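[1] Compute the structure for the input listed below.
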Amino acid sequence: MKWFKGTRELSRNDYTMTHSDGVVTLEILDCKPEDSGKYRCVATNHLGTDETVCVVIVEGDQWHSYT
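    Purely as a prediction, here's the structure:
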């Protein structure tokens with residue numbers, strides 16, 4: 001499995017990527033608006049290649065601290 005944001009391949013050092021029981025997951029911790037974009041997961045084996053795409057939209061900070 002390979003994950004991409006736009007055309008840039010994502011590193012396992014920067015994201016948590018798991019594959020368990022046929023479910024593939026990319027976890028974005030502490031996401032920010034700049035994490036918004038088109039993400040692709042590409043799977044390749046001896047039968048060929050397939051991919052799935054999703055668009056992630058991260059809006060501004062919704063948390064407020066009042067002191």
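[2] For the residue nearest the centre of the chain, give the beta-bridge partners.
    With distances taken as C-alpha atoms, centre = their mean, the residue of the chain nearest its centroid is Leu26 (4.4 Å). In this entry, Leu26 is beta-bridged to Met17, by DSSP bridges.
[3] That one and Tyr15 touch, don't they?
    Yes: the pair Leu26 / Tyr15 is scored as a contact, 5.8 Å apart, by C-beta atoms under 8 Å. Where you see a C-beta, it was placed from the backbone N, CA and C, and this is true even at glycine.
[4] Common neighbours of these two, please.
    Listed as contacting both Leu26 and Tyr15 by C-beta atoms under 8 Å, 6 or more residues apart in numbering are Trp3.
[5] What sits closest to Cys54 if chain neighbours are left out?
    Tyr39 (5.5 Å; C-beta to C-beta, 6 or more residues apart in numbering).
[6] Hmm, I typed the wrong one, I wanted Lys32.
    Val58 (6.2 Å).
[7] Return the residues in contact with that neighbour.
    Residues in contact with Val58 (C-beta under 8 Å, 6+ apart) are Cys31, Lys32, Pro33, Glu34, Asp35, Ser36.
[8] The first one: how many residues sit nearby?
    Read it as Cys31. Burial of Cys31 is recorded as 11 neighbouring residues (other C-beta atoms under 10 Å).
[9] Skipping its backbone neighbours, what lies nearest Leu29 in space?
    Using C-beta to C-beta, 6+ apart, the closest residue to Leu29 is Thr16 (7.0 Å).
[10] Hmm, Leu10 and the one you found touching each other?
    No: in this structure Thr16 lies outside contact range of Leu10 using C-beta under 8 Å: 10.5 Å.
[11] Are there residues contacting both of the two? Which ones?
    With C-beta under 8 Å, 6+ apart as the test, Thr16 and Leu10 both reach Leu26.
[12] Among those two, which residue is more densely surrounded?
    Shown here are Thr16 and Leu10; by other C-beta under 10 Å, Leu10 has more neighbours (17 against 10).
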